[in-house]
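Enquirer: return atomic coordinates for the entry below.
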Amino acid sequence: MPDLLKIAIDCERFGAQGITVHPRPDERHITRKDVELLRPLITTEFNIEGNPIPEFIELVLKHKPDQVTLVPDDPNQLTSDHGWDTIKHKTFLQDVIGQFKEAGIRTSIFVDPDIDMVEGAKTTGTDRIELYTESYAAEFSEGKEAAIAPFIEAANLAKEIGLGLNAGHDLNLDNLNYFVKNIPWIDEVSIGHALVCDALYYGLDNTVQLYLRELKVD
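Expert: Now for the predicted structure:
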C-alpha cells in the first residue's frame, strides 16, 4: 500500500499529463517489475528517468517509453543533486542517446542552469534538457528574481539552439507558477515528492488540479 498502478491511473484520470518513474539500481523508488506493469496502463506520456548504466538502458529499450531522462546519479545518492557535465561526458552521452534515438525514444538529459553545460548538451544529440531546479527552490524565498535568473538565461539559450526544455526537482505549489511565467515555453515539469506531500492534505484529485492551475500562464 498504496497501490502504485491505481495511483498512476488515477493521476491521469484527475488530469496529470504524464507519469515519470525513476528505477534506481537498488529499486528503492520503483522496481523494474513496476515499470513492466505500468507500461501498458499509461495513456498519457510515460517518462523513465535514471542513470544510464547497462541495466537501465536495457530496461528502457525493452519498454520503450515516450521519453527517457538521463540523470547522473551515483548509486549511493539519496536523490538527484546535480546535472551532467555535458563536455566531459560528451562521447558517453552521444553513444547512449544514439541508442535511444534509434529506438524512437525522445531523450532528455539533466543539466544545471549553466550556459556551457547547455551548449554541451546540444552536441550530445539530445532532444531536450531538464533543468535541475533545486537551487531555484532553495533560494526562492530569499529572492525569487535572483533565484530564477540563471534558469532564464539557460532556458533562452536552449530555445535559441533548438533544444526542448523540461524542469524538475523541488518545484511545488509555492514556486511553480513564477517559474513557468518566466519561462512560458517550457515543455514539461516533473513533480513528485511535493505532490505526494500535498495530497496528504488536499487529496490526490484536488492536488493534481492545484498543480495544473499553477501551470497556467495568463
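Enquirer: tell me the helices and strands packed up against the lengthiest helix in the chain.
Expert: Determined from DSSP state H, the single longest helix within the chain is helix 144-160. For helix 144-160, the contact count by 3 or more CB pairs under 8 Å, 6 or more residues apart in numbering; DSSP states H and E identifies helix 115-124, strand 128-132, helix 134-139, strand 164-168, helix 176-182 as packing neighbours. Heads up, the C-betas are built off the backbone N, CA and C, glycines and all.
Enquirer: could you single out the most deeply buried of the ones you listed?
Expert: Among those, the stretch with the highest mean neighbour count (mean count of other CB atoms under 10 Å) is strand 128-132, at a mean of 26.
Enquirer: any residues touching it, and which ones?
Expert: Contacting residues not belonging to strand 128-132 are listed as 67, 69, 80, 82-83, 106-113, 118, 121, 151, 154-155, 158, 163-169, 187, 190 [CB atoms under 8 Å, 6 or more residues apart in numbering].
Enquirer: chain center to the longest helix of the chain: distance?
Expert: Its chain's average C-alpha position is 17 Å from that of helix 144-160, according to CA atoms, centre = their mean, to the nearest Å.
Enquirer: and it, what's buried?
Expert: By neighbour count with 16 or more other CB atoms under 10 Å, helix 144-160 contains the buried residues 144, 147-148, 150-151, 154-155, 157-158.
Enquirer: low-scoring stretches of the chain, by residue?
Expert: Scanning the chain for pLDDT under 70 picks out 74-81.
Enquirer: closest to residue 95 among the buried residues of helix 144-160?
Expert: residue 158 (22.1 Å; CB to CB).
Enquirer: so that closest one touches residue 152, yeah?
Expert: No. Taking contact to mean CB atoms under 8 Å, the distance of 10.7 Å between residue 158 and residue 152 leaves them out of contact.
Enquirer: wait, what's in contact with the closest residue to residue 161 other than its chain neighbours?
Expert: Computed as CB to CB, 6 or more residues apart in numbering, the closest residue to residue 161 that is not its neighbour in sequence is residue 122, at 5.0 Å. Residue 122 is in contact with 161-163, counting by CB under 8 Å, 6+ apart.
Enquirer: which of the residues in the one helix or strand residue 33 maps to are buried?
Expert: Element membership for residue 33, per DSSP states H and E: helix 32-38. Neighbour-count burial for helix 32-38, counted by 16+ other CB under 10 Å, picks out 34-35, 38.
Enquirer: could you redo those as a markdown table and give each row distance to residue 198?
Expert: Putting those into a markdown table (distance: CB to CB, whole Å) gives the following:
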| residue | distance to residue 198 |
| --- | --- |
| 34 | 22 |
| 35 | 25 |
| 38 | 22 |
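Enquirer: skipping adjacent residues, who's closest to residue 16 in space?
Expert: Computed as CB to CB, 6+ apart, the closest residue to residue 16 that is not its neighbour in sequence is residue 208, at 5.4 Å.
Enquirer: tell me how many other residues surround that neighbour.
Expert: Here the count is done by other CB atoms under 10 Å, and residue 208 has 23 residues near it.
Enquirer: is it true that it touches residue 14?
Expert: Yes. With contact defined as CB under 8 Å, residue 208 and residue 14 form a contacting pair (4.1 Å).
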